[in-house]
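Colleague: no letters, just coordinates:
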């Protein structure tokens, strides 16, 4: 624990496991854009779905750099920043490249025709399914408005009133399922 955390009267660290971890991943990743990093590089990707197991789904071109790099080494990192001051998350895990037409149909949005010009049946569409091994989150406990007020009050009275909460994310249930079926 660092000196700033020690000055804070409120609890600001909480590791989350299994269902609590999945709920935090859903909360911070759903409908977000993240930075997907392979062993060779990174690029922004928009999350299409976070399922009830905490897996994160993306659509990607089957001839893209990220697909090629995942084919060479499927260990990847995802970095999220939901706002300027909160909703941060780093996830570490593995990716699979899939080409299941029913999943593509489920994830499809007409705006994707900008990139996949033949529509949802474009032969270039593939799916990246990310399975979390572990991660770390940093968020506010009560939202940005309350966090901002607490910071202003803390600054005016010289007391640490940070509204942040952070911790490790671990979903051992998903990992066991992924290993046994993967």
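Modeller: Received, thanks. Remember, predicted model here, so these are calculated numbers, not experimental data. Residues are numbered from 1 along each chain as shown.
Colleague: how about the strands of the protein, start to end?
Modeller: Ranges of strands in the chain, per DSSP state E, are 16-17, 33-37, 42-46, 49-50, 56-61, 75-81, 88-98, 125-140, 164-170.
Colleague: partners of the fifth one, with directions?
Modeller: Here the strand partners of strand 56-61, with direction, are listed using DSSP bridges: strand 49-50 (antiparallel), strand 125-140 (antiparallel).
Colleague: next: the third one.
Modeller: Neighbouring strands of strand 42-46 in its sheet, by DSSP bridges, are strand 33-37 (antiparallel).
Colleague: flag every buried residue along the strand it pairs with.
Modeller: For strand 33-37, the neighbour count (16 or more other CB atoms under 10 Å) marks 34, 36, 37 as buried. Every C-beta, even on glycine, is put in place using the N, C-alpha and C of the backbone.
Colleague: so the second one touches residue 42, yeah?
Modeller: Yes: the pair residue 36 and residue 42 passes the contact test of CB atoms under 8 Å, sitting 6.3 Å apart.
Colleague: end-to-end on stretch 51-58?
Modeller: Taking CA to CA, to the nearest Å, the first and last residues of stretch 51-58 lie 12 Å apart.
Colleague: which residues does it contact?
Modeller: 21-22, 25-26, 29, 36, 45-50, 78, 91, 103, 107, 127-132, 171, 173-174, 177 (CB atoms under 8 Å, 6 or more residues apart in numbering).
Colleague: for residue 15, give me its contacts.
Modeller: Taking CB under 8 Å, 6+ apart as the criterion, residue 15 is in contact with 167, 168, 169, 170.
Colleague: mark which of those residues are buried, thanks.
Modeller: Buried members of these, scored by 16+ other CB under 10 Å, are 167, 169, 170.
Colleague: report the central residue of the protein.
Modeller: Nearest residue to the geometric centre of the chain (CA atoms, centre = their mean): residue 29, 4.4 Å.
Colleague: before we move on, back to that, PyMOL command to pick out the buried ones of the contacts of stretch 51-58?
Modeller: To isolate the buried ones among the contacts of stretch 51-58 in PyMOL, judged by 16+ other CB under 10 Å, type:
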select buried, resi 21+22+25+29+36+45+47+48+49+50+78+91+103+107+127+128+129+130+131+132+171+174
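Colleague: can you list the weak-confidence ranges in this structure?
Modeller: Applying pLDDT under 70 to the chain flags residues 1-11, 140-165, 173-182.
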